[in-house]
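Participant: the following block contains a protein sequence and its predicted model.
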Amino acid sequence: MRVRKRFKLAITVFTLLTMQLVTNAQKTLLRKDVLKQNERNEKPDFGPNGNWYLTNVMGFSLTLPINESDSLGIRNSASSNQLYYGVRYKGKINEYFSAGFDMFYMRQGFRIKQDSARNLLSLGYENNKQRIAFHNIGVSVFARINFDKRGNYLGKYIDFAGELHYVVGERLFTKNNVDPALHNGASMIRTNASKLDYTRNIQQYGVVRFGWSHVVLSARYRISDLFNASQNINAGMKLPELPRLSIGLEILVPSQSSYEDVPEDFEEIE
């Protein structure tokens with residue numbers, strides 16, 4: 001009798017353990033199947049191809065010279081550039097269209113070509129170096145067209161965006177080599193001017209971006225002018241503009257993973 005009871009108890013425990021293992025396996029497979037189905041349907045709630053997505057953006061652009069007969073002119077070097085950092089929010093409309101907005105900080109720098117006849121920021125004088133920099137905060141809105149069907153990743157796309165910048169600070173830097181005998185032993189003088197009364201506080205841009213997943217090629221064109229007329233410079237006449245077009249790259253850094261609690265062996269599921 002004791003042997004029979006022990007046998008029945010062993011069978012009962014084995015059955016319960018087996019049922020528990022089967023139940024856990026079904027739960028895991030069910031969770032994986034749902035995640036896999038979400039990827040197949042391409043409709044997760046959050047992710048690069050989800051209903052919404054948030055990512056960090058870092059960008060660098062080079063300014064392209066324009067017709068120098070009607071501009072201040074810049075040196076052809078990487079010192080005339082734009083540095084961009086912000087966050088980008090995207091909402092999915094359907095499989096092919098999305099829309100969203102950016103919030104960002106941008107530093108613009110222009111190294112101005114020196115010519116005593118045309119350098120209106122230092123009229124009649126040639127500096128060894130002269131740069132003007134703008135520190136902007138802003139927002140943009142964009143519409144996105146997706147080109148390929150995909151799982152939960154960004155794929156290929158093109159964005160059309162409009163940006164509004166507010167200039168929170170500007171600086172005009174100059175550097176000149178001088179005669180120490182005439183400048184109290186100093187052989188170099190640097191100046192740093194701010195609160196310039198001939199710069200505009202608001203700037204508008206049109207932007208086109210072509211993306212391959214997390215790498216983006218961008219083209220940015222300034223629609224508005226950088227300068228206002230001031231009685232304190234250029235005889236009260238408005239200054240010629242600086243180049244408006246820049247080309248660069250952006251890198252997207254996801255703010256969080258596309259899925260939460262995704263099994264480590266998810267990639268092995270067929």
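Facilitator: Good, I have the coordinates. Numbering: from 1, shown residues only.
Participant: which residues does Leu196 contact?
Facilitator: Taking CB atoms under 8 Å, 6 or more residues apart in numbering, we find Leu196 in contact with 170, 172. C-beta here means a position set from N, CA and C on the backbone, and glycine is covered the same way.
Participant: wait, a helix at it?
Facilitator: No. With DSSP: H, G, I helix; E, B strand; the rest coil as the criterion, Leu196 is assigned coil and is not in a helix.
Participant: against Pro240, how distant is it?
Facilitator: 15 Å (CB to CB, to the nearest Å).
Participant: what do you get for Tyr84?
Facilitator: 25 Å.
Participant: do Ile223 as well
Facilitator: From Ile223 to Pro240 the distance is 17 Å (CB to CB).
Participant: between these two, which is the more surrounded one?
Facilitator: Pro240 (16 against 11; other CB atoms under 10 Å).
Participant: surely that one is in contact with Leu120?
Facilitator: Yes. Shown here, Pro240 and Leu120 form a contact pair, counting by CB atoms under 8 Å, at 6.9 Å.
Participant: mutual contacts of these two, please.
Facilitator: Common neighbours of Pro240 and Leu120 are listed as Leu72 (criterion: CB under 8 Å, 6+ apart).
Participant: phi, psi of Pro240?
Facilitator: Here is the backbone geometry of Pro240 (degrees, to the nearest 10): phi -60, psi 160.
Participant: next one, pLDDT for it please.
Facilitator: In this prediction, Pro240 carries a pLDDT score of 84.
Participant: next one: the one 10 residues further on
Facilitator: Per-residue confidence for Glu250 comes out at a pLDDT of 96.
Participant: same question for Lys113.
Facilitator: Reported pLDDT for Lys113: 82.
Participant: next one: it from Arg131, what distance?
Facilitator: 11 Å.
Participant: likewise Val167?
Facilitator: From Val167 to Arg131 the distance is 16 Å (CB to CB).
Participant: counting neighbours, what do you get for Tyr198?
Facilitator: So Tyr198, with other CB under 10 Å, has 19 neighbours.
Participant: cool, and Tyr166?
Facilitator: If we define neighbours as other CB under 10 Å, then Tyr166 has 12 of them.
Participant: in the stretch 1-150 of the chain, where is pLDDT below threshold?
Facilitator: Within the stretch 1-150 of the chain, the stretches with pLDDT under 70 are 1-44, 46-47, 49, 66-71, 77, 116-119, 123-124, 149-150.
Participant: helices along that one, start to end?
Facilitator: Secondary structure of the stretch 1-150 of the chain, counting by DSSP state H, counting those that start in this stretch: helices at 2-41.
Participant: isn't Arg222 right next to Ile202, touching?
Facilitator: No. Contact criterion CB under 8 Å: Arg222 and Ile202 do not qualify, at 11.4 Å.
Participant: sorry, back to before: so what's in contact with Lys113 and Arg131 at the same time?
Facilitator: Shared contacts of Lys113 and Arg131, defined by CB under 8 Å, 6+ apart, are absent.
Participant: just want the phi and psi numbers for Asn128.
Facilitator: Torsion angles, degrees, to the nearest 10, at Asn128: phi -70, psi -40.
Participant: and the strands in the protein?
Facilitator: Per DSSP state E, the chain carries strands over the ranges 52-63, 81-92, 97-111, 129-146, 156-177, 188-194, 202-212, 215-222, 245-254.
Participant: got the contact list for the most centrally placed residue in the chain?
Facilitator: With distances taken as CA atoms, centre = their mean, Val57 lies nearest the centre of the chain, 3.3 Å away. The contact partners of Val57, by CB under 8 Å, 6+ apart, come to 84-88, 102, 104, 250-253.
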